[in-house]
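> sequence below, structure please.
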Amino acid sequence: MLLSLLYVLISGIALPVGGIQMQYLWRNQLGDVYSLGLGSAACLGAAAATMSGWCSLTVGSFICTLVCTLVCFLVTLRVSTQNLITFGILFGTFIGSLGTIVVTNAPNGDLLRQYYLWGAANFRLEGVTTADIIFSLCLFAVGLAAAIIDSRKLSAHFRGEIELSNLHKAVSLLAIMFLVTSAVSICGPIGFISLGVPNLSRIVCRKQDIRLHYIISSGMGIALLLITYLVVQYVNFGIYLPISATMALIALPLMAIIFIKK
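Next up, the predicted model:
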């Protein structure tokens with residue numbers, strides 16, 4: 001129970017903070033931590049680890065996401081932001097296709113179920129070891145520290161006061177990957193929160209200071225995930241409710257009302 005709540009907290013901070021970083025880095029409200037194929041890479045790594053047993057699901061997810069990020073790192077050094085987004089969408093489709101092939105050839109139904117439950121996102125932490133948790137917490141600490149250290153330059157870049165070099169963008173992308181993978185590798189790819197919450201934060205607060213949005217989006221992310229977790233645990237009508245799907249059902253009507261009013 002306590003570990004589940006810990007990862008509600010970590011996911012509620014890591015995913016919105018990573019999302020708002022991507023939006024400031026790209027100067028684009030459609031910036032998302034999964035836009036460059038990181039979510040697909042996490043799923044591919046988790047699938048390969050689950051089906052083969054060569055390492056834990058968490059480590060497999062991290063390794064594949066790291067490889068994907070390093071590819072994007074090299075591409076970022078050479079192309080414009082707009083082209084990077086296009087590349088990310090295409091690359092994510094390629095990685096997702098590989099993941100589909102791996103999952104389709106699952107050796108048995110139990111492994112397929114284990115992967116699916118992770119992929120649908122949950123806070124049950126089934127099969128997660130102490131080493132996985134320590135590894136995840138280290139990733140979270142490094143990623144969050146990098147986000148705080150880089151906050152002034154990201155804000156200035158978003159306002160157009162400075163232009164970050166491609167190398168700086170590539171390093172920032174790597175740090176965002178650390179932050180996001182700390183949650184995704186344990187709980188699965190939780191959708192919506194890394195895109196919807198940062199945009200909601202920017203509607204609520206118009207100031208272009210990323211440090212304010214770190215705080216606002218983290219608070220919103222934790223609250224939204226906590227409500228979703230409680231619904232999944234205690235108001236599930238006797239059926240299994242995945243975190244991502246349940247959160248979207250709860251949050252999308254609220255987002256629609258706020259966007260229409262604004």
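> so which residues of the stretch 1-150 of the chain form helices?
Secondary structure of the stretch 1-150 of the chain, counting by DSSP state H, counting those that start in this stretch: helices at 2-26, 38-52, 57-76, 81-104, 109-119, 130-149.
> nearest to residue 184, out of these?
For residue 184, the closest of the helices of the stretch 1-150 of the chain is helix 38-52, at 4.9 Å, according to Cβ to Cβ. Where C-beta positions appear, they are placed from N, C-alpha and C, glycine not excepted.
> packing partners for the helix or strand bottoming out on mean pLDDT in the chain?
Scoring the helices and strands of the chain by mean pLDDT, DSSP states H and E places helix 243-261 at the bottom, with a mean of 75. Packing contacts for helix 243-261, counted by 3 or more Cβ pairs under 8 Å, 6 or more residues apart in numbering; DSSP states H and E, involve helix 193-204, helix 210-234.
> now mean neighbour count and mean pLDDT too, for these, in CSV please.
Formatted as CSV, the helices and strands packed on helix 243-261 follow (neighbours: other Cβ atoms under 10 Å; pLDDT from 0 to 100):
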stretch, mean neighbour count, mean pLDDT
helix 193-204, 23, 87
helix 210-234, 19, 92
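> and the ones you listed as TSV, adding distance to residue 125?
Putting the helices and strands packed on helix 243-261 into TSV (distance: least, Cβ to Cβ, whole Å) gives the following:
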stretch	distance to residue 125
helix 193-204	18
helix 210-234	12
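> show me what contacts the closest residue to residue 95 other than its chain neighbours?
Leaving aside its chain neighbours, residue 95 sits nearest to residue 40 (4.0 Å; criterion: Cβ to Cβ, 6 or more residues apart in numbering). Residues near residue 40 by Cβ atoms under 8 Å, 6 or more residues apart in numbering: 34, 68, 92-93, 95-96, 99.
> select only the buried ones of those in ChimeraX?
To isolate the buried ones among the contacts of residue 40 in ChimeraX, judged by 16 or more other Cβ atoms under 10 Å, type:
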select :34,68,92,95,96,99
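> which one among the contacts of residue 40 gets closest to residue 218?
Nearest to residue 218 out of the contacts of residue 40 is residue 34 (Cβ to Cβ; 18.5 Å).
> in this structure the closest one contacts residue 92, no?
Yes. Under the criterion of Cβ atoms under 8 Å, residue 34 makes contact with residue 92 at 7.4 Å.
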